[in-house]
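K.L.:
return atomic coordinates for the entry below.
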Amino acid sequence: MNRARLLSALTRTRCRAFAAPALLVALVSAAPTLHAQDTAAAEALQAQAEALALSSTRQTDGLRVEIEVGQPDPRLKLAACAQTEPYLPTGFKPWGKTRIGLRCLQGPVRWNITLPLTVRVYGQALVTTAALPAGTVLNEADIETAEVDLAADPAAALTDAGLVVGRALARHLAPGETLRQPHVKPRQWFAAGSMVRLVAVGAGFEVHAEGQALSPGLEGRTVRVRTEAGRIVTGLAVGDRRVEVNL
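P.N.:
Okay, here's the model as predicted:
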């Protein structure tokens, strides 16, 4: 087995935890001299990119990760390169369909290209059991837990049935569709004009007061409240007629 094929075989294992740093170093240092039209070299490039993407994807118990790296554009005519390096922008999280960079570090021309990258992260989340029109108030029979690709959409997938039962859908969902945060309307804890309980949270203490809401209290949204002393404060609607203000 030649170097390129051995390199490819070492890095094709799916769903592994973080790739060992020694393997990544070996991948970068052992890259063969390449040309875009060289199939074996293209496979080695893909293997390098795949290893970096896998090492950059946060692994969590119960999640299954799959990495798929596309081929370099066959129209590219890349100069020979003795050492290549895959890279991602600082702090970038490979997730879903994106691209990964690949640059030449040692060659007559310091070229820099990108490769298509798909990162699938499978885990348990809520899905619909039937087609549900917009406005449906969810009950337990409408949802179930299944393994889904969490990275298929940038919106967070919902996992706690207790937080969605009783909430209305913001749009139509197909059978088996993953339930994500924008799909459900926020709860309205109270209406504008309602008397609410203010809870001011500080370092090691809480202060309670009463006030009148000047806007509807939607779950997780800020709301303005007029206190009994006439002062206007802003807080977060966190429960039934309850507003939390951080000091």
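
K.L.:
mind listing the strands for this structure?
P.N.:
In the chain, strands defined by DSSP state E lie at 64-69, 83-87, 96-106, 112-128, 143-149, 188-190, 195-202, 205-213, 217-218, 222-227, 232-239, 242-246, listed in chain order.

K.L.:
give me the pLDDT for residue 176.
P.N.:
According to the prediction, residue 176 has pLDDT 96.

K.L.:
so who does it touch?
P.N.:
Applying Cβ atoms under 8 Å, 6 or more residues apart in numbering, we find residue 176 in contact with 127, 128, 129, 146. Every residue, glycine included, has its C-beta placed from N, CA and C.

K.L.:
so how far is residue 94 from residue 71?
P.N.:
Per Cβ to Cβ, to the nearest Å, residue 71 is found 18 Å from residue 94.

K.L.:
quick one, which of those two is more surrounded?
P.N.:
residue 94 (24 against 13; other Cβ atoms under 10 Å).

K.L.:
can you pull the contacts of the more buried one?
P.N.:
For residue 94, the contact set (Cβ under 8 Å, 6+ apart) comprises 53, 56, 57, 88, 100, 117, 119.

K.L.:
cool, and residue 196?
P.N.:
Taking Cβ under 8 Å, 6+ apart as the criterion, residue 196 is in contact with 190, 210, 211, 212, 213, 217, 225, 241, 242, 243.

K.L.:
try it again at 6 Å.
P.N.:
190, 211, 213, 241, 243 (Cβ atoms under 6 Å, 6 or more residues apart in numbering).

K.L.:
quick check: closest non-adjacent residue to the first one.
P.N.:
If I follow you right, that is residue 190. Ranked by Cβ to Cβ, 6 or more residues apart in numbering and with sequence neighbours excluded, the top spatial neighbour of residue 190 is residue 217, at 4.2 Å.

K.L.:
that neighbour: what's it in contact with?
P.N.:
189, 190, 223, 237.

K.L.:
could you flag which of the contacts of residue 176 are buried?
P.N.:
In these, burial by neighbour count holds for 127, 128, counting by 16 or more other Cβ atoms under 10 Å.

K.L.:
what sits against residue 214?
P.N.:
With contact set as Cβ under 6 Å, 6+ apart, residue 214 has these partners: residue 224.

K.L.:
rewinding a little: TSV for the contacts of residue 176, including distance to residue 105?
P.N.:
Formatted as TSV, those follow (distance: Cβ to Cβ, whole Å):
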residue	distance to residue 105
127	45
128	49
129	53
146	44
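
K.L.:
ok, of the contacts of residue 176, which one's closest to residue 182?
P.N.:
The closest of these to residue 182 turns out to be residue 128 (Cβ to Cβ; 14.6 Å).

K.L.:
wait, what's in contact with that closest one?
P.N.:
With Cβ under 6 Å, 6+ apart, residue 128 has these contacts: 173, 175, 177.
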